[in-house]
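**Q** next comes the sequence, and after it the predicted model I'd like to discuss.
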Amino acid sequence: MIRPPPPPRPPPPDDGGSPAELRPEPADVPHGSLLSRVGSAEWNLLTDEAGWSGELYQILGRDPATPALTLDELPSLVLDEDRPGLTAMVTDCLVDARPIDGEFRVVRPDGRVRTVHMMGEPVLGGDGSTASMWAVLRDVSELRRSQRTVRESRDSLQLHRRQTRAEQRLAVELHEAVLPSGRGALRLPYRGPGTLELAARHLPSGNDTLLGGDWYDALELSDGDTLLSVGDLTGHGVGVTSGMTMLLGAVRGMAMAGAQPGHLMSLLNQLLDATVQPALGSAVCCRYRPATRTLTWAQAGHPAPLLYRDGTGCVLSAPDGVLLGATSGAGYGQAEVTLEPGDLLLLHTDGLVPGRWGSPRSGEAENGGGTDSLDRLLGLAPRFGTAGTAQDCLRAVVEEFGENGREDEACVLIARVSEQVSE
């Protein structure tokens, strides 16, 4: 005798408390609700009859007035590539009495494809053979779509993280390859009167991923002059670091060709204006002649150099100069100052003293952060006066402002005029 299949869901209470039979979907069950996505079916192998719940008709998009499909007819609703899997599940259930637990996709009469999860078991007759099969079918299309979206989002996020790490490594390698190490003592020119003792450092931001376009440079030119420059290309990432590399190479090449600082800034502005990717940058460029201790310099939207002499510090009066890449055909002024033995120059990018140049960052206008930082920097003059080397002066700056944890990266370049002839 064939036993009835278990109900697909807990039945509503009725007069006798008997199990609910397969019946059409109640009129008050809205389409798309959880109940409408679970249906049940039974296939009688002895009579070749099939019974479907109303919910199953709705899932498969078929008219409840039409006969339920038999097990032989059911694959006609299934996508071609999923039919072998359904056939194998049904065969294992009927022949080997194995439970069914699998998914397949069906094509509804309206052309929409739905994913159906099927769970079922064989019902054995008195002789032990399979007499019928019952199954619960659930429309899991939205669930699988959501899972696929989550999986694709996770894969996309992982790919983005890998790309970000690769770009960060490349940016770091470019930065380290282009910038001098800044850890050892350097004297330019190497011999003669009026030489400069140099020390420099790149100070990273508190966020390791925000490696930007700050640079510093010191180079002995072919005519015996010394080039000093610091600058900042706006933005962060490998593209900005690559642009900084191009800009620094241009500064070196034009200075070596004899371009004076004001004209050099005009050429850099033309270079940025002609790049495919719009970019803005700031820079200060100095050309130092050791024979006369003359410093000629120009700036493009950048903090002016600080001059320390006889225990006090001051900001050099800046010639005209707008940001690089901001205005086509912009002109740049040039200033000149004569240095004395023992004088110390400090060049830096704006990450060291936030808000000193241009508009202060958020919150700094109210608390005077930029002014306070500049005062602290100028207040290092007594320590510079007693420092033994340029490296000691740089160490004092780092101790005052910290080597890490700042909002933006910064570069510091210190040049001290030698008080004796270098041998």
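**A** Yes, it's here.
**Q** give me the most central residue, the protein.
**A** A centroid search over the chain (Cα atoms, centre = their mean) returns Thr164, at 5.5 Å, as the residue closest to the centre.
**Q** within the helices and strands, which one has it?
**A** helix 141-178 (DSSP states H and E).
**Q** wait, Thr349 sits on Asp214?
**A** Yes. Under the contact definition of Cβ atoms under 8 Å, Thr349 touches Asp214, with a separation of 4.7 Å. Bear in mind the C-beta positions are built from the backbone N, C-alpha and C, glycine included.
**Q** overlap of the contact sets of the two?
**A** Any residue near both Thr349 and Asp214 by Cβ atoms under 8 Å, 6 or more residues apart in numbering counts here, and that gives Val230, Gly231, Asp232, Glu409, Ala410, Cys411.
**Q** which of these sits closest to Asp110?
**A** Relative to Asp110, the closest of the shared contacts of Thr349 and Asp214 is Glu409; by Cβ to Cβ it sits at 59.2 Å.
**Q** what's the neighbour count on the closest one?
**A** For Glu409, the tally of surrounding residues (other Cβ atoms under 10 Å) stands at 22.
**Q** ok, now which ones touch the residue lying closest to it once chain neighbours are set aside?
**A** The spatially closest residue to Glu409, leaving aside those adjacent along the chain, is Ser205, at 4.5 Å (Cβ to Cβ, 6 or more residues apart in numbering). Contact criterion Cβ under 8 Å, 6+ apart gives Leu211, Gly212, Gly351, Arg406, Glu407, Asp408, Glu409 as the residues in contact with Ser205.
**Q** was I right about the fifth one contacting Asp350?
**A** Okay, so that is Glu407. No. In this structure Glu407 lies outside contact range of Asp350 using Cβ under 8 Å: 10.7 Å.
**Q** out of these two, which sits in the more crowded spot?
**A** With other Cβ under 10 Å as the criterion, Glu407 and Asp350 differ in neighbour count, and Asp350 comes out ahead with 21 against 14.
**Q** ok, that one to Cys411 distance?
**A** Distance from Asp350 to Cys411, counting by Cβ to Cβ, to the nearest Å: 10 Å.
**Q** what sits in contact with each of those two?
**A** Asp232.
**Q** phi and psi next, for Gly39.
**A** The phi and psi torsions at Gly39 (degrees, to the nearest 10) take the values phi -130, psi 170.
**Q** quick one: it and Tyr57 touch, right?
**A** Yes. Using Cβ under 8 Å as the test, Gly39 is close enough to Tyr57 to be in contact (7.4 Å).
**Q** now the helices for the chain?
**A** Per DSSP state H, the chain has helices spanning 54-60, 83-96, 141-178, 238-256, 261-273, 364-367, 369-378, 381-386, 390-401. These are given in chain order.
**Q** mind listing the strands in the stretch 201-350 of the chain by residue range?
**A** In the stretch 201-350 of the chain, strands defined by DSSP state E, counting those that start in this stretch lie at 212-220, 226-236, 281-289, 294-300, 306-309, 312-315, 335-338, 344-348, listed in chain order.
**Q** now those strands in a markdown table, with mean pLDDT, mean neighbour count and distance to Met246?
**A** A markdown table is the format used below for the strands of the stretch 201-350 of the chain (pLDDT from 0 to 100; neighbours: other Cβ atoms under 10 Å; distance: least, Cβ to Cβ, whole Å):
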| stretch | mean pLDDT | mean neighbour count | distance to Met246 |
| --- | --- | --- | --- |
| strand 212-220 | 89 | 23 | 10 |
| strand 226-236 | 90 | 24 | 9 |
| strand 281-289 | 96 | 25 | 11 |
| strand 294-300 | 97 | 24 | 16 |
| strand 306-309 | 96 | 20 | 28 |
| strand 312-315 | 95 | 14 | 30 |
| strand 335-338 | 97 | 14 | 27 |
| strand 344-348 | 96 | 25 | 21 |
